[in-house]
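[1] model the structure of this input:
(one chain, ligands or ions: 1)
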Amino acid sequence: MTEPTFDSLSPLDGRVVGTFPIHDSEDVQKVVERARTAAPEWRTLGFPGRRSILVAWRRYVARHAAELAGVMRAETGKPLGDAQLEILLALDHIGWAAKNAERVLGRRRVPSGILMLNQESSVERVPFGVVGVIGPWNYPVFTPLGSITYALAAGNTVVFKPSEYTPAVGQWLARSFAEVGGDPSVFQLVTGFGATGSALCRAGVGKIAFTGSTATGKVVMAACAESLTPVVIEAGGKDALLVDEDADLDAAAEAAVWGAYSNAGQTCIGIERVYVHERVYDQFMKKTTARVREIRAGTDEKATLGPITMPKQTAIIRDHIADAVSSGGTLVLGGAPERGVVFPPTLLRDVPEFSDAVREETFGPTLVVNRVATMDEAVERANAVRYGLSGSVFSRKHGRDLASRIRGGMIAINSVISFAAVPGLPFGGVGDSGFGRIHGDDGLREFTYPKAITRQRFPLLTLTSMRRSGRVDRLVGRIIRLLFG
Ligand code: NAD
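    The predicted structure follows:
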């Protein structure tokens with residue numbers, strides 16, 4: 001019987017980028033079994049051994065970055081420059097995870113306390129064995145590598161299920177690792193649709209790292225619940241940018257435009273809403289509109305805004321634009337095209353807060369700019385959605401205060417998305433944006449569990465004995481009063 005396959009199509013011209021197997025649960029089981037067999041040796045390499053392989057991999061990816069960017073562009077439609085930028089950020093993370101794993105995860109001594117004076121206490125961080133990574137298509141290198149490299153550095157082997165829209169990028173990553181990493185079972189690929197991801201959740205892996213939509217995140221979590229497999233969920237967002245009356249308006253407009261339209265707005269931490277103090281609203285709108293006019297949407301090499309990667313998303317973007325207008329908002333620029341997957345950059349103003357364009361993730365090149373009377377109102381509106389991923393604030397004097405009041409896992413003050421490029425910072429959200437963290441110290445710990453160890457150095461009063469005497473019990477009574485009374 002021939003193996004079932006699917007084609008990955010380019011949103012640029014519809015051509016077939018590659019044909020890939022649709023792995024079923026039996027196939028996934030076999031791949032996970034190979035990863036499980038490879039895990040002890042990978043772990044035994046220790047931090048220095050894994051570090052040298054990860055650093056060699058980073059070098060390999062850097063040297064072949066142009067080739068990888070080409071595959072990314074073919075499958076997602078993103079401009080080559082954006083693909084290159086994504087690779088740059090991912091490379092920084094590979095190096096950081098490799099170099100910091102020992103510091104963060106190495107054995108750590110813990111004071112034993114007065115009662116256990118005779119014990120030496122320590123914590124070891126133990127890898128789960130096999131980690132299953134389920135990825136999205138929008139940043140097909142940066143996003144999954146945020147889990148894969150940290151899981152590998154922590155001593156796990158990895159089975160990666162890339163999005164059905166970007167399997168060629170996933171294949172490139174796994175192949176490139178095998179080029180330098182020796183054993184190809186350390187980082188393997190399974191391809192297919194939701195059912196393949198579901199099979200990975202049920203294949204007995206030690207942990208699942210999921211990045212994708214909130215709706216799928218809930219299904220993944222339910223599947224993992226059957227076997228109490230722990231999960232990290234990196235899900236959607238509806239991030240806001242706040243502009244105070246004392247903000248640098250040129251910088252704020254520049255950031256809003258980049259945050260909203262880069263990668264055609266298909267960015268989990270993209271800016272979809274802006275709340276601007278009414279005293280500077282008109283000025284901000286003028287600066288933003290001028291910048292949006294400069295953007296060139298298309299599929300040609302000169303375009304700075306590419307097509308929508310996932311054709312079915314176009315219906316959601318259309319609906320949100322229509323809902324914004326029918327509920328009383330004003331369309332300033334752009335709007336939904338009649339056909340096709342290239343959307344012009346779309347700017348909307350004064351959209352009621354109940355509109356889907358304000359409340360739901362649009363994931364397209366649209367931006368809603370609303371005015372507020374005070375920054376308290378801006379914070380309240382920013383926090384009034386189910387999501388809590390990230391945000392941005394522009395203010396000369398009140399940046400820190402505003403940042404601390406926004407509900408979300410990551411906030412940039414006077415810039416946008418900058419936290420994602422700092423490998424030492426944790427990345428993740430709250431609410432419908434998910435839980436758990438990738439990147440940074442937390443991202444390394446996420447792929448291990450803590451193991452507490454005590455070693456008796458010399459015998460002391462034996463409290464844990466069935467032969468404990470009355471004298472010892474009386475002594476315990478005195479100790480309680482002495483220490484805590
Ligand atoms: P998606 O939820 O449709 O798919 C994500 C992955 O899950 C794909 O690989 C898909 O095949 C798989 N999948 C689908 N059904 C499954 C099931 N039942 N069991 C297991 N796996 C299943 O998301 P998408 O369209 O690929 O990505 C876009 C979404 O990802 C957006 O909501 C975006 O905000 C979010 N995202 C979040 C982050 C973050 O770090 N928070 C980063 C990038 C993207």
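[2] which residues of the stretch 151-300 of the chain score low on pLDDT?
    Within the stretch 151-300 of the chain, no stretch has pLDDT under 70.
[3] tell me which parts of it are close to the ligand?
    Taking C-beta under 6 Å from any ligand atom as the contact definition, the stretch 151-300 of the chain meets the ligand at 161, 163-164, 193-194, 197-198, 201, 211-213, 216, 219-220, 234-237, 268. C-beta here means a position set from N, CA and C on the backbone, and glycine is covered the same way.
[4] which ones among the residues you listed map onto helices?
    194, 197-198, 201, 216, 219-220 (DSSP state H).
[5] stretch 131-142 - what's its average pLDDT?
    Mean pLDDT, stretch 131-142: 98.
[6] again but with stretch 348-358, I slipped
    For stretch 348-358, mean pLDDT is 98.
[7] gap between the two ends of that stretch?
    One end of stretch 348-358 sits 10 Å from the other (C-alpha to C-alpha, to the nearest Å).
[8] that older thread, among the ones in helices among the residues of the stretch 151-300 of the chain next to the ligand, name the buried ones.
    197-198, 201, 216, 219-220 (16 or more other C-beta atoms under 10 Å).
[9] what about the longest helix in this protein?
    Assignment by DSSP H; longest helix in the chain turns out to be helix 80-105.
[10] any residue of that one up close to the ligand?
    No - using C-beta under 6 Å from any ligand atom, helix 80-105 stays clear of the ligand, coming no nearer than 11.3 Å.
[11] other SSEs contacting that helix?
    Applying 3 or more C-beta pairs under 8 Å, 6 or more residues apart in numbering; DSSP states H and E, one finds that helix 80-105 contacts helix 46-63, helix 65-76, helix 142-153, helix 440-445.
[12] can I get the shortest one in PDB, CA atoms only?
    If I follow you right, that is helix 440-445. Extracted C-alpha coordinates of helix 440-445, given in PDB (Å, rounded to 0.1, in the frame of the first residue of the first chain):
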ATOM      1  CA  GLY A 440      15.600  32.200  29.100                       C
ATOM      2  CA  ASP A 441      16.200  30.300  32.300                       C
ATOM      3  CA  ASP A 442      12.500  29.500  32.600                       C
ATOM      4  CA  GLY A 443      12.500  28.100  29.100                       C
ATOM      5  CA  LEU A 444      15.400  25.700  30.000                       C
ATOM      6  CA  ARG A 445      13.700  24.600  33.300                       C
END
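[13] and that helix, what's its mean pLDDT?
    98.
[14] and the strands in the stretch 151-300 of the chain?
    Along the stretch 151-300 of the chain, counting by DSSP state E, counting those that start in this stretch, strands occupy 157-161, 187-189, 207-211, 231-234, 239-243, 271-277.
[15] hmm, who's touching the shortest one?
    For strand 187-189, the surrounding residues in contact (C-beta atoms under 8 Å, 6 or more residues apart in numbering) are 31, 34-35, 148, 152, 157-162, 167, 170-171, 173-174, 177-178, 181.
[16] break the chain into its domains for me.
    The record's domain parsing of the chain by automatic domain parsing lists 5-234, 239-424.
[17] which one of those domains lies nearest to Asp442?
    Closest to Asp442 of these, according to C-beta to C-beta: domain 5-234, at 8.9 Å.
[18] and that closest one, how far out from the chain's middle?
    Its chain's C-alpha centre and that of domain 5-234 lie 12 Å apart, by C-alpha atoms, centre = their mean, to the nearest Å.
[19] same check on stretch 260-271?
    Worked out by C-alpha atoms, centre = their mean, stretch 260-271 lies 14 Å from the chain centre.
[20] and that stretch, how far apart are its ends?
    5 Å.
[21] in it, what's buried?
    260-271.
[22] buried residues in stretch 354-374?
    For stretch 354-374, by 16+ other C-beta under 10 Å, it's 355-372.
[23] of these, which belong to strands?
    366-372 (DSSP state E).
[24] just give me the closest of the residues you listed to the ligand.
    Thr366 (14.3 Å; C-beta to the nearest ligand atom).
[25] the nearest residue to that closest one once chain neighbours are set aside and Lys78: what is the separation?
    Leaving out its chain neighbours, the residue that sits closest to Thr366 by C-beta to C-beta, 6 or more residues apart in numbering is Thr346, at 4.4 Å. Look at Thr346 and Lys78: by C-beta to C-beta, to the nearest Å, they are 18 Å apart.
[26] endpoints of stretch 9-21, how far apart?
    14 Å.
[27] how many neighbours does Leu475 have?
    By other C-beta atoms under 10 Å, 13 other residues sit near Leu475.
[28] surely it is in a strand?
    No - counting by DSSP: H, G, I helix; E, B strand; the rest coil, Leu475 falls outside a strand, being helix.
[29] name the nearest residue to it, sequence neighbours excluded.
    Of all residues not flanking Leu475 in the chain, Leu461 sits nearest, at 7.1 Å (C-beta to C-beta, 6+ apart).
[30] with Gly334 instead?
    Thr346 (3.2 Å).
[31] what about that neighbour, distance to Asp319?
    13 Å.
[32] distance check, Val169 against the ligand.
    According to C-beta to the nearest ligand atom, to the nearest Å, Val169 stands 12 Å off from the ligand.
[33] next: Asn118.
    With C-beta to the nearest ligand atom as the criterion, Asn118 and the ligand are 46 Å apart.
[34] can you read off the pLDDT for that residue?
    94.
[35] which residues touch it?
    Contacts for Asn118 (C-beta under 8 Å, 6+ apart) come out as 112, 456-460.
[36] same thing but 6 Å
    Neighbour list for Asn118: 456-458, 460 [criterion: C-beta atoms under 6 Å, 6 or more residues apart in numbering].
[37] and those as JSON lines, adding pLDDT, secondary structure and neighbour count?
    Shown next, in JSON lines, are these (pLDDT from 0 to 100; DSSP: H, G, I helix; E, B strand; the rest coil; neighbours: other C-beta atoms under 10 Å):
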{"residue": "Gln456", "pLDDT": "96", "secondary structure": "strand", "neighbour count": "10"}
{"residue": "Arg457", "pLDDT": "96", "secondary structure": "coil", "neighbour count": "11"}
{"residue": "Phe458", "pLDDT": "94", "secondary structure": "coil", "neighbour count": "7"}
{"residue": "Leu460", "pLDDT": "86", "secondary structure": "coil", "neighbour count": "12"}
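[38] which of the residues you listed lies closest to Asp441?
    Nearest to Asp441 among the contacts of Asn118, counting by C-beta to C-beta, is Arg457 at 29.7 Å.
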